[in-house]
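S.K.: here's a sequence, model it:
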Amino acid sequence: MAITGCMRTTPTGALETMLNLPALHVFIKQEAASAAVRLKTLNLWRTNQPAHPEVLTEVIEKEPLLLAVSDRSPKEYIFDKKYKIQLYEEPKQDFNVIDLRIFTDGSKTRSGTGYGVFSEDLNIKIAAPLGAQNTVLQAECMGIIEAATATLARKVKDYSIRILSDSKSVLQALQSNTITSKLIYDCHQYLTELCANGNQVTLQWIKGHSDSRGNDAADELARKGLEMIAIGPDPIVPLPSRWPTMVIREHTKELQSKYWTEVRGCRQAKEALLQEDITRTEQYRKR
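M.R.: Below you'll find the predicted structure:
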């Protein structure tokens with residue numbers, strides 16, 4: 001009330017609906033559920049007290065996939081990396097240099113996620129789907145993993161290998177000495193194995209949609225991959241660490257809407273605020 005400058009008699013529930021803020025008891029349930037899922041993911045969940053399991057059970061009933069494997073992992077510190085990361089493009093592509101070039105890309109829409117790998121040098125053309133819950137960053141990472149796997153399958157040894165990706169986020173995650181993602185750690189392991197065969201491996205950033213034949217081919221394969229039907233249990237790869245938070249917040253919105261509908265009183269406010277309106281909320285907040 002102090003922040004909005006409203007009248008003393010303004011219903012708290014109406015203010016919460018106008019500003020798109022969950023009621024305090026609903027917000028507390030959200031935070032408790034988020035903590036429970038996080039602890040469950042890290043195998044730290046304990047049910048010593050009878051009331052605690054209910055916090056987790058409620059959100060699991062709403063979305064069973066919350067029990068699936070998460071990409072979140074305890075911190076790993078890695079300082080000795082055999083491969084190189086290059087976060088800039090070459091001023092001029094020198095095709096006289098004998099590099100095996102592999103292009104990777106990822107793509108995502110509301111209906112799905114996919115990745116593609118393309119290399120003329122190694123005759124690689126791979127398009128594969130992931131789940132709808134997975135992120136484009138995970139797709140980009142899977143593209144690099146698939147590039148390393150396909151190269152290992154061809155028993156390439158003592159070559160200079162250049163994997164080109166237009167995802168700086170993945171390359172920066174691989175460059176960091178601290179890893180908190182299972183997928184990034186797996187990618188690191190495959191790249192390390194590729195280097196163990198006497199190969200010099202460089203991961204280079206390339207600008208997307210820059211009329212690069214290899215990058216355009218990888219992009220086309222990635223878009224083809226997201227249109228394919230994933231075969232196997234869902235999720236194909238671990239769920240992104242932020243996905244449970246998104247699911248729980250959507251559940252919070254439903255609880256808040258139900259609370260506002262069922263709360264006693266506020267007849268005139270309910271007539272004026274029939275439903276939540278994000279545009280209206282932003283206008284109120286700017287004032």
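S.K.: so where's the stretch 51-200 of the chain uncertain?
M.R.: Applying pLDDT under 70 to the stretch 51-200 of the chain flags residues 51-52, 91-97.
S.K.: could you check how far residue 268 is from residue 4?
M.R.: To residue 4, residue 268 is 17 Å away according to Cβ to Cβ, to the nearest Å. (Each C-beta comes from the backbone N, C-alpha and C, glycine too.)
S.K.: of the two, which one has the most company?
M.R.: Neighbours per residue (other Cβ atoms under 10 Å) separate residue 268 from residue 4, with residue 4 holding more: 13 against 10.
S.K.: can you check what pLDDT the model gives the more buried one?
M.R.: With respect to pLDDT, residue 4 has a value of 77.
S.K.: mind checking the backbone torsions on it?
M.R.: phi -80, psi -20 (degrees, to the nearest 10).
S.K.: wait, it touches residue 15, no?
M.R.: Yes. Counting by Cβ atoms under 8 Å, residue 4 does reach residue 15; the two are 6.5 Å apart.
S.K.: the strands in the chain, which residues?
M.R.: Using DSSP state E, the strands of the chain run over residues 72-77, 84-86, 100-108, 113-119, 124-130, 160-165, 178-181, 200-205.
S.K.: deepest of the ones you listed, which one?
M.R.: Using mean count of other Cβ atoms under 10 Å, the stretch among the strands of the chain with the largest mean neighbour count is strand 113-119, at a mean of 28.
S.K.: what's the angle from it to strand 160-165?
M.R.: Taking axes from the mean of the first three to the mean of the last three Cα atoms, to 10 degrees, one finds strand 113-119 and strand 160-165 inclined to each other by 150 degrees.
S.K.: centre of the chain to strand 113-119, how far?
M.R.: Relative to its chain's centre, strand 113-119 lies at 17 Å (Cα atoms, centre = their mean, to the nearest Å).
S.K.: quick one on the thing from earlier: turn the strands of the chain into TSV, columns for distance to residue 22.
M.R.: TSV is the format used below for the strands of the chain (distance: least, Cβ to Cβ, whole Å):
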stretch	distance to residue 22
strand 72-77	24
strand 84-86	41
strand 100-108	28
strand 113-119	30
strand 124-130	31
strand 160-165	39
strand 178-181	28
strand 200-205	40
